[in-house]
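A.B. asks: how would this look folded up:
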Amino acid sequence: MCKKIQIKDYAQDGISLSYEQGKYCYNLLKELLQYNDKVILDFDGVNYALIAFLNPVFSKLIVEYSNDVFKNIEIVNANEQIIKKIKMIKEDSLVKREDFFI
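C.D. replies: You can find the predicted model right below:
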């Protein structure tokens, strides 16, 4: 079963803003991943996302579950700037995870 999270629900004027919004989105994503095969993160209507929002969503997933968690997450309608930030967070989080398990 596949579920979708509309990131614009956590945005104001097309901008995903706060760490708190990111934590809320992370908690929802984590819950949905437990009960669904795939979760779609839809960035439609989001023009800009702050690292403060993206970090708790993606970094915590990698640190807790490893990079394999992304096999069950599809990111759609994200612009190039948002994709670059997500990739940067993923790379940084993988380093943190490796440091944690050394």
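
A.B. asks: after the lowest-mean-pLDDT helix or strand in the chain, next one along is what?
C.D. replies: In the chain, no helix or strand scores lower on mean pLDDT, DSSP states H and E than strand 15-16, which sits at a mean of 73. From strand 15-16 onward toward the C-terminus, using DSSP states H and E, the following helix or strand is helix 19-35.

A.B. asks: circling back: which other helices and strands does the least confident helix or strand of the chain contact?
C.D. replies: strand 48-49 (3 or more CB pairs under 8 Å, 6 or more residues apart in numbering; DSSP states H and E). Just so you know, the C-beta spots here come from the backbone N, C-alpha and C atoms, and that holds for glycine as well.

A.B. asks: quick one: strands adjacent to the strand it packs on?
C.D. replies: Its sheet considered, strand 48-49 pairs with strand 15-16 (parallel) by DSSP bridges.

A.B. asks: With just CA atoms, put stretch 51-69 into PDB.
C.D. replies: Extracted in PDB, the C-alpha atoms of stretch 51-69 (Å, rounded to 0.1, in the frame of the first residue of the first chain):
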ATOM      1  CA  ILE A  51      17.700  22.900   5.800                       C
ATOM      2  CA  ALA A  52      16.000  23.400   9.200                       C
ATOM      3  CA  PHE A  53      12.900  21.600   7.800                       C
ATOM      4  CA  LEU A  54      14.600  19.000   5.700                       C
ATOM      5  CA  ASN A  55      17.200  17.900   8.200                       C
ATOM      6  CA  PRO A  56      14.900  16.300  10.800                       C
ATOM      7  CA  VAL A  57      13.000  14.600   8.000                       C
ATOM      8  CA  PHE A  58      15.900  12.900   6.200                       C
ATOM      9  CA  SER A  59      18.800  12.900   8.700                       C
ATOM     10  CA  LYS A  60      16.900  11.100  11.400                       C
ATOM     11  CA  LEU A  61      15.700   8.500   9.000                       C
ATOM     12  CA  ILE A  62      19.200   7.600   7.900                       C
ATOM     13  CA  VAL A  63      20.700   7.700  11.300                       C
ATOM     14  CA  GLU A  64      17.900   5.400  12.700                       C
ATOM     15  CA  TYR A  65      17.300   3.100   9.700                       C
ATOM     16  CA  SER A  66      20.200   3.500   7.300                       C
ATOM     17  CA  ASN A  67      20.100   4.700   3.700                       C
ATOM     18  CA  ASP A  68      18.100   1.600   2.800                       C
ATOM     19  CA  VAL A  69      15.000   3.400   4.100                       C
END
